[in-house]
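> sequence below, structure please.
(one chain, ligands or ions: 1)
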Amino acid sequence: MTLRRWAAVTLAAIGCANAPAAPPRDSYDLRAAQRPYNVVVISMDAVRYDRTGLGPERHPWTPNLQRLAAESVVFHNASSAAPWTVPSHLAIWTGRWPSHHGVVNKLREDPSTRALVDAALPASVETFPELLVREGFVCAAFTGGAGVSARFGYGRGFHTYLDDRRFAGMDYSLPPAIAWLRAHASERFFLFLHGYDAHGQHPLDDVDPRAVAPDYRGPLDGSVAEQARYREQMLAAIEAPGDAASLRGALTADDGRFLRTVYDRKIEAADRRVGRFLDALRELGLLDRTLVVLLSDHGEEFLEHGALDHGHTLHEEQLHVPLLMRFPRAAGRRDVQAPVRTIDVFPTVFDALGLRGPASVDGQSLMPLVRGQPLDLNLYAETDYRLFVHHRMVRHGRWKLVLDLSDGQMQLFDLEADPGELRDRAADAPDALRPLQADLSRWMSTLATTPAAYRGRRDTPITVY
Ligand SMILES: [Zn+2]
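Numbers count the residues shown, from 1 in each chain. Model prediction:
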């Protein structure tokens, strides 16, 4: 399949027929339970929806996701708030857009010294998990560290927070998570399991990447160091407003296919580990008293728009992620095609459990969709990835507008006619453009950052990041 053909099916996430009959609508209400429910959130870092078995191509390498999907509400059009780990996971944690929770990069400038210091959630911004702590949940996280390190604000109130490795996979975070489950099975808990198994900075386990693509004859070795090198090369090529992140000329379509094959094998490894965790929940008798959410924080590019890695655009290969919610009493599959946001995850969990969430949350409960009722949500996303790019996105149904804050350039895409986002319609579809422009301006006006605040920021000494 060509990249173009592949891209053409990326967003055609409709169908998934053959689902069993949907459970009764009221079976998702967990508030009246005699025994209170636990909450588990599993994050498979950097996993694209369309490279799992949930998408229209029904890839065979995620059998455990399929197994979970058979008992879950499957959101086929879930979009992350940002295309990289720190702002995206914190958006999930707070239910806020990144510019609203405030951690849009790993570092921030100290206003008094102008020195660059670690960014962290302001004390005034509450997270959903810290409210679970106050509700009496025992809270534990087993993560791959780096962008989900407790120090960014994730760890507030947690009784256990594993984050002592950088870019660790679930091969590292899973065993202690299962051991913890065994020790706390009788308590009411929230558990966060996370791993970078599919991430570009995590190697393919115990296998030479070239061995998984024996027909590949190009120069790449598929290593972590190589991907980091190309990512930095790509970013360094962004020199002036209007330049897009690009590796055109350095890599071929064959190279992109090779790297994507390696990525698919990493997703397969992550899926096996998720399966082991779900088996442990089942064996411990916890699955039927636990609300299980599985998601990813962003996707990954393999030259669909001329570059690699993630963080540098708001195209669908970086924003469209898997999202499953298994409700213990319902335990049947429901397929939801309506667009939703990952910032809606915790508001949904809290709504289902009858808990009050933090104040000033942008996300909203997806329970109407879970019950089979309509809910029309606009999607937004943003990236200021290491200050190399400053992009904002709004999407209403099929139409998606991306604004580059550094030069004001707009790109408009019709995702139905052009799911690969290869044809900019900004100049010839004014009727579609205008309402999106107005909504994007309105949305940005509600956030801390404005276009003016970012103009000229490429003069910032970016090499320190
Ligand atoms: Zn990530």
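> in the chain, which residue sits closest to the ion?
Proximity to the ion, evaluated over the chain using C-beta to the ion, is greatest for residue 85 at 3.1 Å. For glycine as for every other residue, the C-beta is placed from the backbone atoms N, C-alpha and C.
> for that residue, give its distance to residue 64.
Between residue 85 and residue 64 the computed distance is 23 Å (C-beta to C-beta, to the nearest Å).
> follow-up on the earlier one: what's the local residue count around the residue of the chain closest to the ion?
For residue 85, the number of neighbouring residues by other C-beta atoms under 10 Å comes to 27.
> now residue 230
Neighbours of residue 230 using other C-beta under 10 Å come to 20.
> burial measure for residue 425, as a count.
Around residue 425 sit 18 other residues, with neighbours defined as other C-beta under 10 Å.
> equivalent analysis for residue 32, please.
In terms of burial, residue 32 registers 8 neighbours under the definition other C-beta under 10 Å.
> and the one 4 residues further on, by the same measure?
Neighbours of residue 36 under the rule other C-beta under 10 Å: 14.
> what does residue 331 give?
Under the neighbour criterion other C-beta under 10 Å, residue 331 is assigned a count of 14.
> for whichever strand or helix holds residue 225, buried residues please.
Secondary-structure element containing residue 225, defined by DSSP states H and E: helix 224-236. Counting neighbours by 16 or more other C-beta atoms under 10 Å, one finds that the buried residues in helix 224-236 are 226-227, 230-231, 234-235.
> whatever helix or strand comes next after that helix packs against which elements?
Per DSSP H and E, the first helix or strand lying C-terminal to helix 224-236 is helix 253-283. In terms of contact count using 3 or more C-beta pairs under 8 Å, 6 or more residues apart in numbering; DSSP states H and E, helix 253-283 is assigned the packing partners helix 3-10, strand 38-44, helix 63-69, helix 170-184, strand 189-195, strand 290-295, strand 301-302.
> and the residue most central in space within the chain, what pLDDT?
When the chain is reduced to its mean C-alpha position, the closest residue under C-alpha atoms, centre = their mean turns out to be residue 297, at 1.8 Å. Model confidence at residue 297, given as pLDDT, is 98.
> measure it to residue 348 for me?
Shown here: residue 297 relative to residue 348, a distance of 17 Å by C-beta to C-beta.
> which parts of this protein sit against the ion?
Applying C-beta under 5 Å from the ion, one finds that the chain approaches the ion through 45-46, 85, 297.
> so the helix holding residue 225 versus helix 253-283, what angle?
Between the direction of helix 224-236 and that of helix 253-283, the angle (axes from the mean of the first three to the mean of the last three C-alpha atoms, to 10 degrees) works out to 120 degrees.
> so which elements touch helix 224-236?
Helix 224-236 makes packing contacts with strand 308-309 when contacts are defined by 3+ C-beta pairs under 8 Å, 6+ apart.
> need the residues of the chain next to the ion in CSV (columns: secondary structure and distance to residue 201).
Output for the residues of the chain next to the ion, formatted as CSV (DSSP: H, G, I helix; E, B strand; the rest coil; distance: C-beta to C-beta, whole Å):
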residue, secondary structure, distance to residue 201
45, coil, 10
46, coil, 9
85, helix, 10
297, coil, 14
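> endpoint to endpoint, stretch 96-114 covers what distance?
27 Å (C-alpha to C-alpha, to the nearest Å).
> who's in contact with that stretch?
81-82, 86-88, 90-91, 93-94, 115-122, 125, 147, 152-153, 343, 360-363, 380, 382, 384-387, 443-444, 446-449, 464-465 (C-beta atoms under 8 Å, 6 or more residues apart in numbering).
> quick one, strands of the stretch 301-450 of the chain?
Taking DSSP state E, counting those that start in this stretch as the criterion, the stretch 301-450 of the chain contains strands spanning 301-302, 308-309, 320-326, 334-336, 340-341, 379-383, 391-396, 399-404, 410-414.
> what does the third one rub up against?
Looking back up the chat, that one is strand 320-326. The set of residues external to strand 320-326 that reach it, using C-beta under 8 Å, 6+ apart, is 10-11, 13, 44, 47-50, 52, 54, 65, 68-69, 71-75, 77-80, 287, 291-299, 340, 342, 345, 348-349, 370.
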